[in-house]
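*Asks:* Quick one, what's the 3D model for this:
(2 chains)
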Amino acid sequence: MNSIEVKNLKRIYRATIGVIRRTVKEVIAVDDISFEIKEGELFGLLGPNGAGKTTTVKVLATLLIPNAGEVKVNGLDVVKDANEVRKHIGFIFGGERGLYWRLSGVDNLRYFASLYHVDPEVSKKRIPYLLELVGLKGRGNERVQGYSRGMKQRLHVARTLLHDPDILFLDEPTIGLDPVGAREFREVIRDLQSEKKTILLTTHYMFEADSLCDRVAVIDKGLIVAMDTPSALKRHVSDLSVVEVETFGVAPKVVDQIRELSFVDAVSVRDQGQRQLILVQTPLGAEAVPAVMSALNGMRVGRVTVREPTLEDAYVRLVGGKE
Amino acid sequence: MQVWKRCEMKIFANNLRLFWQGTVLSYVALFAWFRPVTYAASKVLMPLAQIIFFTYLGSYATGKDSVDFYVIGNAIQITAVSGIFGVTFSISGDRWNGTLPYLFGTPANRMMMFFGRAFMHIIDGALGVVIALTWGALLFGVDFSQTNLSALGLTILVTTISTCGLGLLMGCLSLITANVMFVNNTVYFLLLIFSGANVALDTLPPWMQTFSQVLPLTRGIASARTLISGGSFAEVAPLLISEIGIGLLYGWLGYLLFKWFEIQAKRNGSLETV
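*Replies:* Here you go, the predicted structure:
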């Protein structure tokens, strides 16, 4: 049974530019996308910034009215039955905001429990349970302003579970968390998955999607460009190898030169402080290394490796190697 | 039938709880950075400063006989601090905290959520007026011996409620505009003049007198002056009915604006960009 059904969803934003001569600019954030999420499934929505991930989550969370299409959550229409939908869902947007910083964690949860009509007797037991679940046991009576970013994110999780929703929308929940915080957060998501919650997770981190999601959809410029299990998506690039070259101060022009090589499928650059890691997808494997090194002629180069493609490489190929 | 009644009772209890928790927690969230001593000082010293300033200035200009006029006018007008600024901060706090999407994503009753933000400010505002009147008695010898104190208490409560009604409307404006403090300050100073706190209304040009009549506070101040000078509750009852009516009208307009804001934000995708 499907918990979520999205059919031909379209959402356009209109922005007015200028003071005297005002012109209206239209941006298509989501362009006719369709997907379904089964009950108990953890579904990932991947895509670059501005691809339409958050817009999709907002529509599902009843916070945005679509311009066209049909969106159902547990068989309920998100526009016509918005209030009923809200009883079944919980959602988190990435970042630290969305909490009352001057209140304690417990007071934040008490207030949101009343907003979700949770019986006081139930919330009295549920709040300590949730604080323990998210690793905030013993910190609930402190003001949120003293929490670390990771603690705030975990309090968001507790907040969203107060009314025990069947469906969760997690929009880049690990963004900005340190590696330990992000790992702990992923453990919380796994716990929720084991409770058979239906989860829609948007993320930039491919390893996160790879390790957590049952299925993923890759969205780019408002369109779904691929949708499958992580292992099936990886097969999209099984014909390729990835050449990784560590460089120091590589110019964008040089990256473009590599991209133009006939045997190169996609190129992406990962900034690592002083270093840049150039990732070249190519069917040639190690044979491509001399030509890539020649394009980097004269530049200071560190480690060079050739490896099998990952979900991230599949993603880079799907969104055109822009990231 | 019994099941239906139980269901209705549960909804009522839920809404009451939401109202109460919204009330207390939004107030705590607003003033939590204050230590109790700092808060108490602000409640005691701010009315003192306003009363001293306007009473000395006014009585210097118009004579010592008018001391009661300025003390009572400014003491009642003190309620605008909680009613306008306090209520606005309670609502605009959701904008700055980024909690609006999370509030609008809940199935909570919007009316309870909205009006709950004002309730503690009614108590806070009324307390401010009592402190200000006490200063008036101690420093300027305002005489309450002829006053129907219950009726005065009701007047203070009604005036505070009506001022909070305007505050709810201003609070909603804070969701739409980034410059609500400018608007709030303007309204506060307009109330200093047009409510009759510092200027006798019959000395104002006719259009200004008309404007005074659509503001909260105007009738509350007139009612307090009548009662303190020995007037009866029957004399002020029509004023109080109009005062509460005006306050509820502003509060209702604020609520409609709040609902409109929610709908527009969902249409335009402007929930976080306000």
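*Asks:* Quick one: residues contacting the closest residue to chain B within chain A.
*Replies:* Closest approach between chain A and chain B, counting by C-beta to the nearest C-beta: A:Arg97, at 2.9 Å. For glycine as for every other residue, the C-beta is placed from the backbone atoms N, C-alpha and C. Neighbour list for A:Arg97: B:97-99 [criterion: C-beta atoms under 8 Å, 6 or more residues apart in numbering or on different chains].
*Asks:* Show the pLDDT at it.
*Replies:* If you check A:Arg97, the pLDDT there is 87.
*Asks:* how much space between it and B:Gln50?
*Replies:* Distance of A:Arg97 to B:Gln50, given as C-beta to C-beta, to the nearest Å: 36 Å.
*Asks:* Lowest mean pLDDT among the helices and strands of chain B, which one is it?
*Replies:* Lowest on mean pLDDT, DSSP states H and E among the helices and strands of chain B sits helix B:2-31, with a mean of 74.
*Asks:* So which other helices or strands are in contact with that helix?
*Replies:* When contacts are defined as 3 or more C-beta pairs under 8 Å, 6 or more residues apart in numbering or on different chains; DSSP states H and E, helix B:2-31 packs onto helix A:105-115, helix B:87-97, helix B:110-140.
*Asks:* List the buried residues of it.
*Replies:* Going by neighbour count (16 or more other C-beta atoms under 10 Å in any protein chain shown), the buried part of helix B:2-31 is B:14-15, B:17-19, B:21-31.
*Asks:* wait, does the next helix or strand after it contact chain A?
*Replies:* Sequence-wise, the next helix or strand downstream of helix B:2-31 (DSSP states H and E) is helix B:36-62. No. Shown here: helix B:36-62 not in contact with chain A (C-beta under 8 Å from any C-beta of the partner chain), separated by at least 13.2 Å.
*Asks:* ok and whichever helix or strand comes after helix B:36-62 relative to helix B:36-62, angle-wise?
*Replies:* Using DSSP H and E, the helix or strand that follows helix B:36-62 in sequence is helix B:67-77. Relative orientation of helix B:67-77 and helix B:36-62, computed by axes from the mean of the first three to the mean of the last three C-alpha atoms, to 10 degrees: 140 degrees.
*Asks:* Assumed A:Val6 was part of a strand.
*Replies:* Yes. Residue state for A:Val6 (DSSP: H, G, I helix; E, B strand; the rest coil) corresponds to a strand.
*Asks:* Quick check: bridge partners of it?
*Replies:* Here A:Val6 sits in beta bridges with A:Phe35, A:Val71, going by DSSP bridges.
*Asks:* The closest residue to chain A within the stretch 1-150 of chain B: neighbour count?
*Replies:* Proximity of the stretch 1-150 of chain B to chain A (C-beta to the nearest C-beta) peaks at B:Gly98, 2.9 Å away. Here the number of neighbours of B:Gly98 (other C-beta atoms under 10 Å in any protein chain shown) works out to 17.
*Asks:* Quick check: the closest residue to B:Met170 other than its chain neighbours vs B:Val81, distance?
*Replies:* Closest residue to B:Met170 apart from its sequence neighbours, by C-beta to C-beta, 6 or more residues apart in numbering or on different chains: B:Thr88 at 4.8 Å. Distance of B:Thr88 to B:Val81, computed by C-beta to C-beta: 11 Å.
*Asks:* Quick check: the residue nearest to B:Met170 vs B:Ile76, distance?
*Replies:* Going from B:Thr88 to B:Ile76 by C-beta to C-beta gives 19 Å.
*Asks:* who's more crowded, those two?
*Replies:* With neighbours defined as other C-beta under 10 Å, B:Thr88 and B:Ile76 compare such that B:Ile76 has more, 29 against 26.
*Asks:* Tell me how far the nearest residue to that one once chain neighbours are set aside lies from chain A.
*Replies:* Counting by C-beta to C-beta, 6+ apart, B:Ile221 is the residue found nearest to B:Ile76 once chain neighbours are left out, at 4.7 Å. Distance, B:Ile221 to chain A, by C-beta to the nearest C-beta, to the nearest Å: 34 Å.
*Asks:* does B:Ile221 really touch B:Val199, like I thought?
*Replies:* No. Counting by C-beta atoms under 8 Å, B:Ile221 stays clear of B:Val199, with 11.0 Å between them.
*Asks:* Of those two, give the one with the bigger neighbour count.
*Replies:* B:Ile221 (27 against 17).
*Asks:* I'd like the average pLDDT over the helix or strand encompassing the more buried one.
*Replies:* Secondary structure assigned from DSSP H and E places B:Ile221 in helix B:218-228. Helix B:218-228 shows a mean pLDDT of 96.
*Asks:* Please apply the same query to stretch B:66-79.
*Replies:* For stretch B:66-79, mean pLDDT is 94.
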